[in-house]
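Trainee: The following comprises the amino acid sequence and a computationally predicted model.
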Amino acid sequence: MSVAKDFEPPRDVIFPPGDVESNEPPLETYLHLQQMLLLIKCLDWWWRGHNDFFAAGNLSIYYSPRQRKSEDFRGPDFFVVLDTERRPRDSWVVWQEDGKYPNLIIELLSKSTAATDKGLKKQIYQDIFRTPEYFWFDPKNLEFAGFILLGGTYQPIEPNPQGLLWSQQLSLYLGVHENQLRYFNAEGQLMPTPEEIAQWEAEHAQQERQRTERLAAKLRELGINPDTI
């Protein structure tokens with residue numbers, strides 16, 4: 001007996017809309033997705049001992065003065081809120097978060113979004129969000145720029161000799177490395193990803209094993225049993 005084909009919901013049942021949490025469209029390309037995930041996981045890793053921030057991507061920020069989720073929302077590709085509880089959220093609702101807006105926003109440019117990211121969104125982040133720092137990056141052509149809010153207006157962040165842009169909010173540099181936007185420490189050194197750290201540790205352990213094996217072989221040549229030392 002087929003039930004699903006003939007199923008009709010009772011007329012008095014009202015289903016909630018399916019987009020009440022996040023209204024953001026999918027990211028433009030695989031490169032955009034990978035870049036967003038890279039920014040999130042690296043910051044989560046380096047700040048793993050902190051419980052006072054929230055970092056997310058492609059998540060709606062609701063800021064309606066009438067406290068309605070049906071209007072006035074934006075969804076940055078990546079944003080960070082400081083001095084807040086570190087916990088999962090389905091969206092960022094300003095009036096439910098002590099009125100906090102993001103401290104830093106990064107938009108990932110594409111042909112279809114670049115004009116809005118550089119125009120309307122930049123204006124909203126400057127005039128309404130009052131977000132202290134705003135960056136944009138194009139994963140395809142590697143265009144990269146950053147702005148800091150000074151006197152109520154975004155001013156360009158000047159790059160250091162390495163071409164890195166300093167973020168006061170993160171106390172880290174941002175810069176392009178091997179076609180990706182990455183974090184760098186205050187000395188300009190690349191902050192490794194969790195995968196890069198795991199690879200380094202594995203290579204280091206392998207080198208230590210090889211060194212131990214070479215030493216044991218040398219001792220045996222000298223007639224010494226390394227297992228008795």
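Mentor: In hand now; what should we look at?

Trainee: can you pull the contacts of T29?
Mentor: Contacts for T29 (C-beta atoms under 8 Å, 6 or more residues apart in numbering) come out as 110, 139-140. Quick note: C-beta positions are derived from backbone N, CA and C, even for glycine.

Trainee: Most neighbours among those, please name it.
Mentor: Using other C-beta atoms under 10 Å as the neighbour criterion, P139 leads the contacts of T29 with 23 neighbours.

Trainee: Out of all residues in the protein, which is the farthest from the middle?
Mentor: What lies farthest from the middle of the chain is G223; by C-alpha atoms, centre = their mean that is 57.3 Å.

Trainee: In which helix or strand does it reside?
Mentor: Assigned by DSSP states H and E, G223 belongs to neither a helix nor a strand.

Trainee: where's the longest helix seen in the chain relative to the chain centroid, distance-wise?
Mentor: In the chain, assigned by DSSP state H, the helix with the most residues is helix 194-221. In this view, helix 194-221 has its centroid 34 Å away from the chain centroid, taken as C-alpha atoms, centre = their mean, to the nearest Å.

Trainee: which strands and helices sit next to that helix?
Mentor: Contact here means 3 or more C-beta pairs under 8 Å, 6 or more residues apart in numbering; DSSP states H and E; on that basis helix 194-221 packs against helix 30-46.

Trainee: the inter-axis angle of the helix it packs on versus helix 194-221?
Mentor: Orientation check (axes from the mean of the first three to the mean of the last three C-alpha atoms, to 10 degrees): helix 30-46 against helix 194-221 gives 60 degrees.

Trainee: related to what we said a few turns ago, what mean pLDDT would you report for the longest helix of the chain?
Mentor: Average pLDDT, helix 194-221: 77.

Trainee: Over to stretch 85-96?
Mentor: Mean per-residue pLDDT for stretch 85-96: 95.

Trainee: In PDB, could you pull the C-alpha coordinates for that stretch?
Mentor: Below are the C-alpha coordinates for stretch 85-96, written out as PDB (Å, rounded to 0.1, in the frame of the first residue of the first chain):
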ATOM      1  CA  GLU A  85      30.200  32.500  24.700                       C
ATOM      2  CA  ARG A  86      31.800  29.800  22.500                       C
ATOM      3  CA  ARG A  87      29.000  27.500  21.600                       C
ATOM      4  CA  PRO A  88      27.200  26.300  18.400                       C
ATOM      5  CA  ARG A  89      24.600  28.600  16.900                       C
ATOM      6  CA  ASP A  90      22.300  28.300  13.900                       C
ATOM      7  CA  SER A  91      22.400  32.000  13.200                       C
ATOM      8  CA  TRP A  92      23.700  35.100  14.900                       C
ATOM      9  CA  VAL A  93      20.800  37.200  16.300                       C
ATOM     10  CA  VAL A  94      22.100  40.500  17.500                       C
ATOM     11  CA  TRP A  95      19.300  41.300  20.000                       C
ATOM     12  CA  GLN A  96      19.800  37.900  21.600                       C
END
